[in-house]
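Take a look and give me a structure for this.
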Amino acid sequence: MVLEVIILAAGKGSRMQSTLPKVLHALAGVPLLQHVINTAKKLNPRAIHVVVGHGADAVRTAFLEESVLFHEQADQLGTGHAVMQAIPHCQSNSVVLVLYGDVPLIQTKTLSALCEAATQSPAMLSTLLEKPDGYGRVVRDAQGCFHAVVEDKDATQDQRHIKEVNTGILAAPVNLLTTLLKQVTNTNQQREYYLPDILGLARAGGLSVSIHTTSDIIEVAGVNDRLQLEALERAAQQRYAEALMRQGVAISDRRRIDIRGELICGEGVSVDVNTVFEGRVVLGDDVKIGAHCVLKDTEIAAGSVIEPFCHIESAVIGQNCQVGPYARLRMGTRLDPTSKVGNFVETKNTKVGEGSKANHLAYLGDADIGAGANIGAGTITCNYDGANKHPTRLGDRVFVGSNSTLVAPVVIEDDGFVGAGSVITDNVPRGELAIGRARQHNISGWQPPKKN
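Numbering: from 1, shown residues only. Reported below is the predicted structural model:
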């Protein structure tokens, strides 16, 4: 079977009350449409066609790196009209699957079964809803076979009691779908060309229509407003959390975790509450993530502990390191094994050598720190002169006393020692003590000022 996928993504999404096209709103950190494209790719189709309309240029720009074909629906005249924009570009021997850019959680296994049933005649996907208001009803004949889909606004009172609804997702051979689309009319209350009408036309022409029903209403739920987007966000996050827990990850509360990208975990990983993972995050064996942390595009090796309230982005953390609480590791940070970055320490483009530690209240930017070094509280690397960035290099076993300022570019060689409160502007040779501070003067007989 040669498969092609058409994704309808032309709607404005007025109820979102946003200038952003609806399919570009984010679910789990990526656009709604990206979820649908990712699912379509897993079916190995010959081509993926995306029908755009409102905000077409923005949608195209957002998916420049995707190998999809865009077709514009200049006037939004219904789902049937939307498919008409793409179907001429499909191969005649293909089976075409129609998906929706605002139905992000549809599952590959559901779609595979649907496509397999559509090699000779149409196949549709339905589900059962306790409150089916607003959905097209699936009408069956006395034998339980497909008879028609009736849109909610066109349904009779008896038909409105039907709980089986059409999801809009269907598959059919390209040639057949092309023929049926030409017969679709807009004689309905909305004056639109409804794609589901092809099912009734197929039935009237003597063809059977397969009905596949999913009991998982989440996978066929669409997004029309902010409330529905939030509901699907929580459903998606719970699914991600449950999948990780089945793999052995200890998640304190699956309702209080957000995975906005890809989270890869080894064995024995634990994740506390209110944690956010963005981009691609890799956690090695026995890594522990404390509460209220945000991790983005970061790799953490086995045995490391991230204490609560840390923000880590584009960093690489070695084995058995300790970070936080309240630490911020920015892009380009690399911690070698057993190193420590403590509370209220910020790093950027900095390597911290094996066993080195900056326990608290420091800024380390554009620095290369050797092994076994100690960075005292209040230490700052002055890496920016107002125009350019400059490096600071600290050798092995360097000791920097508290409240020191290292004015880059500067080098402190192995076993160098900086006295507390120093401003270091010159290189410190190996094993020497550097003190760069004003001499203390005590004034006897001094009287403190008095209030008037």
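
Against L129, how distant is S215?
Going from S215 to L129 by Cβ to Cβ, to the nearest Å gives 11 Å. Quick note: C-beta positions are derived from backbone N, CA and C, even for glycine.

go on, A58?
As judged by Cβ to Cβ, A58 and L129 stand 32 Å apart.

Apart from its chain neighbours, what residue comes closest to S67?
I48 (7.4 Å; Cβ to Cβ, 6 or more residues apart in numbering).

L33 is in contact with that neighbour, correct?
No: I48 is beyond contact range of L33, at 10.8 Å (criterion: Cβ atoms under 8 Å).

Which of those two has more residues huddled nearby?
Neighbours were counted for I48 and for L33 using other Cβ atoms under 10 Å; L33 has more, 28 against 21.

quick one: secondary structure of that one?
Here L33 takes the helix state, with states given by DSSP: H, G, I helix; E, B strand; the rest coil.

Let me know the pLDDT of it.
Model confidence at L33, expressed as pLDDT, equals 98.

and it, what is it in contact with?
The contact partners of L33, taken as Cβ atoms under 8 Å, 6 or more residues apart in numbering, are 7, 9, 23-24, 50, 59, 62-63, 101, 104.

now these in CSV, with pLDDT?
Below are those laid out as CSV (pLDDT from 0 to 100):
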residue, pLDDT
I7, 98
A9, 96
V23, 96
L24, 97
V50, 98
V59, 96
A62, 96
F63, 96
G101, 97
P104, 97
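
ChimeraX command to pick out the buried ones of those residues?
Burial among the contacts of L33 is assessed by 16 or more other Cβ atoms under 10 Å; the matching ChimeraX selection reads:
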select :7,9,23,24,50,59,62,63,101,104
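
Mark which of the contacts of L33 are part of helices, please.
Secondary structure from DSSP state H places 59, 62 of the contacts of L33 in helices.

Just send the contacts of L33 back as CSV, with distance to D366 too.
Conversion of the contacts of L33 to CSV gives the following (distance: Cβ to Cβ, whole Å):
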residue, distance to D366
I7, 45
A9, 44
V23, 41
L24, 36
V50, 43
V59, 39
A62, 33
F63, 36
G101, 43
P104, 41
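
among the contacts of L33, which are in strands?
Counting by DSSP state E, the part of the contacts of L33 found in strands is 7, 9, 50.

what sits up against stretch 311-329?
With Cβ under 8 Å, 6+ apart as the test, stretch 311-329 has contacts from 284, 290, 293-310, 330-347, 354.

do stretch 402-416 as well
366, 370, 376-383, 389-400, 418-434.

List buried residues within those.
Buried residues within those, defined by neighbour count using 16+ other Cβ under 10 Å: 366, 370, 376-383, 391-400, 418-419, 421-424, 428, 434.

Show me the domain layout of this protein.
Following automatic domain parsing, one finds the domains of the chain at 2-214, 236-434.

Now tabulate the ones you listed in JSON lines and tack on distance to H441.
Conversion of the domains of the chain to JSON lines gives the following (distance: least, Cβ to Cβ, whole Å):
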{"stretch": "domain 2-214", "distance to H441": "58"}
{"stretch": "domain 236-434", "distance to H441": "15"}
